[in-house]
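Participant: Sequence and computational prediction follow.
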Amino acid sequence: MAHTTKRTLSETLKKILQEKSLDKVTVVDIVEASAINRQTFYYHFKDIYDLVEWTFLTDNTQSLSGKRSYATWQQGYLQIFDYVRENKSFIKHVYYSEGREILTRFLYDITYKLLLGVIDERAEGIVVDEEDKAFIAHFYKYGFVGMVLEWIESGMKEEPKRLISHLDILTHGDIDKALGRFRTDRKLDIELRRG
(Lines give C-alpha, C1' and ligand atoms only; values in the text may rest on other atoms or scores of the structure.)
Protein backbone atom coordinates (compact mmCIF):
# COMPACT_ATOMS: atom_id res chain seq x y z
CA MET A 1 0.00 0.00 0.00
CA ALA A 2 2.79 2.45 0.91
CA HIS A 3 4.58 1.78 -2.38
CA THR A 4 1.33 2.34 -4.30
CA THR A 5 0.78 5.67 -2.54
CA LYS A 6 4.35 6.76 -3.26
CA ARG A 7 4.03 5.72 -6.90
CA THR A 8 0.76 7.68 -7.20
CA LEU A 9 2.43 10.80 -5.80
CA SER A 10 5.38 10.29 -8.16
CA GLU A 11 3.20 9.89 -11.24
CA THR A 12 1.14 12.91 -10.20
CA LEU A 13 4.29 15.02 -9.92
CA LYS A 14 5.37 13.92 -13.41
CA LYS A 15 1.96 14.92 -14.81
CA ILE A 16 2.09 18.32 -13.13
CA LEU A 17 5.57 18.87 -14.55
CA GLN A 18 4.13 18.58 -18.05
CA GLU A 19 2.80 22.11 -17.54
CA LYS A 20 4.61 23.66 -14.59
CA SER A 21 8.24 24.05 -13.52
CA LEU A 22 9.40 22.17 -10.43
CA ASP A 23 10.20 25.34 -8.52
CA LYS A 24 6.55 26.39 -8.86
CA VAL A 25 5.02 23.07 -7.78
CA THR A 26 3.72 22.87 -4.23
CA VAL A 27 2.76 19.95 -2.04
CA VAL A 28 -0.81 21.26 -2.22
CA ASP A 29 -0.68 20.92 -6.05
CA ILE A 30 0.41 17.31 -5.74
CA VAL A 31 -2.06 16.23 -3.07
CA GLU A 32 -5.00 17.92 -4.78
CA ALA A 33 -4.18 16.33 -8.13
CA SER A 34 -3.63 12.89 -6.58
CA ALA A 35 -6.54 12.98 -4.10
CA ILE A 36 -4.10 12.00 -1.35
CA ASN A 37 -4.11 14.12 1.76
CA ARG A 38 -1.23 16.32 2.80
CA GLN A 39 -0.54 14.36 5.97
CA THR A 40 -0.06 11.20 3.89
CA PHE A 41 2.37 13.03 1.62
CA TYR A 42 4.48 14.06 4.62
CA TYR A 43 4.26 10.57 6.06
CA HIS A 44 6.11 9.29 2.98
CA PHE A 45 8.25 12.27 1.92
CA LYS A 46 9.82 15.18 3.76
CA ASP A 47 9.37 17.51 0.75
CA ILE A 48 9.00 17.61 -3.03
CA TYR A 49 12.72 17.08 -3.58
CA ASP A 50 12.56 13.90 -1.52
CA LEU A 51 9.77 12.73 -3.85
CA VAL A 52 11.92 13.61 -6.89
CA GLU A 53 14.83 11.59 -5.51
CA TRP A 54 12.57 8.62 -4.71
CA THR A 55 11.19 8.78 -8.26
CA PHE A 56 14.65 8.60 -9.82
CA LEU A 57 15.71 5.70 -7.61
CA THR A 58 12.51 3.73 -8.06
CA ASP A 59 12.27 4.28 -11.81
CA ASN A 60 15.80 2.99 -12.26
CA THR A 61 16.20 0.25 -9.67
CA GLN A 62 16.26 -2.53 -12.26
CA SER A 63 17.25 -0.56 -15.33
CA LEU A 64 20.92 -1.55 -15.46
CA SER A 65 20.72 -5.11 -14.22
CA GLY A 66 22.63 -7.28 -16.66
CA LYS A 67 24.13 -4.25 -18.41
CA ARG A 68 27.27 -3.76 -16.31
CA SER A 69 29.75 -5.75 -18.34
CA TYR A 70 32.36 -4.78 -20.89
CA ALA A 71 30.19 -6.24 -23.67
CA THR A 72 26.98 -4.53 -22.54
CA TRP A 73 27.93 -1.16 -21.01
CA GLN A 74 26.80 0.66 -24.15
CA GLN A 75 23.29 -0.78 -23.71
CA GLY A 76 23.31 0.22 -20.04
CA TYR A 77 24.43 3.73 -20.89
CA LEU A 78 21.78 3.92 -23.63
CA GLN A 79 19.14 3.00 -21.03
CA ILE A 80 20.14 6.11 -19.08
CA PHE A 81 19.61 8.26 -22.19
CA ASP A 82 16.33 6.45 -22.92
CA TYR A 83 15.06 7.10 -19.39
CA VAL A 84 15.91 10.79 -19.72
CA ARG A 85 14.19 11.02 -23.12
CA GLU A 86 11.09 9.09 -22.00
CA ASN A 87 10.75 11.42 -19.01
CA LYS A 88 11.83 14.56 -20.87
CA SER A 89 9.47 17.01 -19.20
CA PHE A 90 10.19 15.66 -15.72
CA ILE A 91 13.96 15.69 -16.30
CA LYS A 92 14.04 19.17 -17.85
CA HIS A 93 11.99 20.68 -15.03
CA VAL A 94 14.28 19.10 -12.44
CA TYR A 95 17.38 20.12 -14.44
CA TYR A 96 16.28 23.76 -14.56
CA SER A 97 15.30 23.94 -10.89
CA GLU A 98 16.82 24.11 -7.46
CA GLY A 99 16.58 20.30 -7.50
CA ARG A 100 19.19 19.97 -10.24
CA GLU A 101 21.67 18.51 -7.76
CA ILE A 102 19.30 15.56 -7.19
CA LEU A 103 19.36 14.77 -10.92
CA THR A 104 23.13 15.17 -11.12
CA ARG A 105 23.70 12.99 -8.05
CA PHE A 106 21.35 10.34 -9.45
CA LEU A 107 23.17 10.31 -12.81
CA TYR A 108 26.55 10.07 -11.07
CA ASP A 109 25.35 7.20 -8.91
CA ILE A 110 23.80 5.11 -11.66
CA THR A 111 26.74 5.74 -14.03
CA TYR A 112 29.28 4.90 -11.32
CA LYS A 113 27.54 1.55 -10.71
CA LEU A 114 27.56 0.82 -14.44
CA LEU A 115 31.26 1.61 -14.75
CA LEU A 116 32.28 -0.20 -11.58
CA GLY A 117 30.61 -3.36 -12.90
CA VAL A 118 32.70 -3.11 -16.06
CA ILE A 119 35.87 -2.40 -14.08
CA ASP A 120 35.29 -5.31 -11.69
CA GLU A 121 34.82 -7.63 -14.66
CA ARG A 122 37.96 -6.39 -16.44
CA ALA A 123 40.00 -6.55 -13.21
CA GLU A 124 39.36 -10.27 -12.83
CA GLY A 125 42.71 -11.98 -12.38
CA ILE A 126 44.52 -8.68 -11.76
CA VAL A 127 45.38 -7.50 -8.27
CA VAL A 128 44.08 -3.93 -8.06
CA ASP A 129 43.15 -2.13 -4.84
CA GLU A 130 39.44 -1.42 -4.45
CA GLU A 131 40.09 2.30 -3.98
CA ASP A 132 42.01 2.35 -7.27
CA LYS A 133 39.11 0.68 -9.07
CA ALA A 134 36.78 3.23 -7.48
CA PHE A 135 39.10 6.04 -8.63
CA ILE A 136 38.93 4.80 -12.24
CA ALA A 137 35.13 4.54 -12.07
CA HIS A 138 34.83 8.04 -10.60
CA PHE A 139 37.12 9.47 -13.29
CA TYR A 140 35.05 8.04 -16.14
CA LYS A 141 31.68 8.80 -14.56
CA TYR A 142 32.40 12.54 -14.74
CA GLY A 143 32.89 12.37 -18.50
CA PHE A 144 29.91 10.08 -19.06
CA VAL A 145 27.54 12.18 -16.94
CA GLY A 146 28.92 15.38 -18.47
CA MET A 147 27.78 14.08 -21.86
CA VAL A 148 24.27 13.38 -20.57
CA LEU A 149 24.01 16.81 -18.94
CA GLU A 150 25.25 18.53 -22.10
CA TRP A 151 22.71 16.53 -24.11
CA ILE A 152 19.91 17.67 -21.78
CA GLU A 153 21.15 21.27 -21.96
CA SER A 154 21.16 21.20 -25.77
CA GLY A 155 17.55 19.98 -25.95
CA MET A 156 18.17 16.22 -26.31
CA LYS A 157 18.38 16.54 -30.09
CA GLU A 158 21.42 14.41 -30.89
CA GLU A 159 20.87 10.69 -31.24
CA PRO A 160 22.23 8.95 -28.09
CA LYS A 161 23.46 5.93 -30.09
CA ARG A 162 25.79 8.24 -32.01
CA LEU A 163 27.16 9.76 -28.80
CA ILE A 164 27.68 6.31 -27.29
CA SER A 165 29.38 5.06 -30.46
CA HIS A 166 31.85 7.96 -30.31
CA LEU A 167 32.41 7.37 -26.61
CA ASP A 168 33.05 3.69 -27.29
CA ILE A 169 35.64 4.56 -29.94
CA LEU A 170 37.28 7.14 -27.66
CA THR A 171 37.53 4.92 -24.58
CA HIS A 172 37.99 1.47 -26.13
CA GLY A 173 40.66 -0.38 -24.17
CA ASP A 174 41.31 2.48 -21.76
CA ILE A 175 39.87 0.75 -18.70
CA ASP A 176 42.15 -2.23 -19.31
CA LYS A 177 45.13 0.12 -19.64
CA ALA A 178 44.18 1.95 -16.43
CA LEU A 179 43.79 -1.32 -14.53
CA GLY A 180 47.19 -2.42 -15.83
CA ARG A 181 48.74 0.78 -14.53
CA PHE A 182 47.04 0.40 -11.14
CA ARG A 183 48.04 -3.25 -10.69
CA THR A 184 49.33 -3.61 -7.15
CA ASP A 185 52.57 -5.26 -8.26
CA ARG A 186 53.20 -2.56 -10.87
CA LYS A 187 52.49 0.28 -8.42
CA LEU A 188 55.03 -1.25 -6.05
CA ASP A 189 57.65 -1.36 -8.84
CA ILE A 190 56.98 2.31 -9.67
CA GLU A 191 57.20 3.34 -6.01
CA LEU A 192 60.48 1.44 -5.60
CA ARG A 193 61.98 3.12 -8.67
CA ARG A 194 60.91 6.57 -7.42
CA GLY A 195 62.10 5.91 -3.85
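Facilitator: Arrived safely. For clarity, every value in this text was computed on a predicted model and none was experimentally measured. Residues are numbered from 1 along each chain as shown.
Participant: Domain map for this protein?
Facilitator: 2-48, 60-194 (automatic domain parsing).
Participant: who wins for proximity to residue 54 among those domains?
Facilitator: Of all those, it is domain 2-48 that lies closest to residue 54, at 6.3 Å by CB to CB. Using the backbone N, CA and C atoms, a C-beta is placed for each residue, glycine as well.
Participant: how far is the closest one from where the chain is centred?
Facilitator: 22 Å (CA atoms, centre = their mean, to the nearest Å).
Participant: Span of that domain from start to end?
Facilitator: Taking CA to CA, to the nearest Å, the first and last residues of domain 2-48 lie 17 Å apart.
Participant: Now do it, average pLDDT.
Facilitator: Per-region confidence: domain 2-48 scores 94 on mean pLDDT.
Participant: cool, stretch 88-107 as well?
Facilitator: Mean predicted lDDT for stretch 88-107 stands at 94.
Participant: in the protein, which spans are helices?
Facilitator: 2-16, 27-34, 38-44, 48-59, 73-86, 88-95, 100-122, 130-153, 160-171, 174-182, 184-194 (DSSP state H).
Participant: got the domains of the chain as TSV, with distance to residue 54 and mean neighbour count columns?
Facilitator: Converted to TSV, the domains of the chain look like this (distance: least, CB to CB, whole Å; neighbours: other CB atoms under 10 Å):
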stretch	distance to residue 54	mean neighbour count
domain 2-48	6	15
domain 60-194	10	16
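Participant: Tell me which residue is most central in the chain.
Facilitator: With distances taken as CA atoms, centre = their mean, the residue of the chain nearest its centroid is residue 107 (2.3 Å).
Participant: List the contacts of the residue nearest to that residue when sequence neighbours are not counted.
Facilitator: Spatially, and ignoring its direct neighbours in sequence, residue 107 is nearest to residue 145 (4.7 Å; CB to CB, 6 or more residues apart in numbering). Listed by CB atoms under 8 Å, 6 or more residues apart in numbering, the contact set of residue 145 reads 104, 107-108, 111.
Participant: Then residue 60?
Facilitator: Residue 60 neighbours (CB under 8 Å, 6+ apart): 83, 106, 110.
Participant: Turn these into CSV, columns for distance to residue 171.
Facilitator: Shown next, in CSV, are the contacts of residue 60 (distance: CB to CB, whole Å):
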residue, distance to residue 171
83, 22
106, 22
110, 18
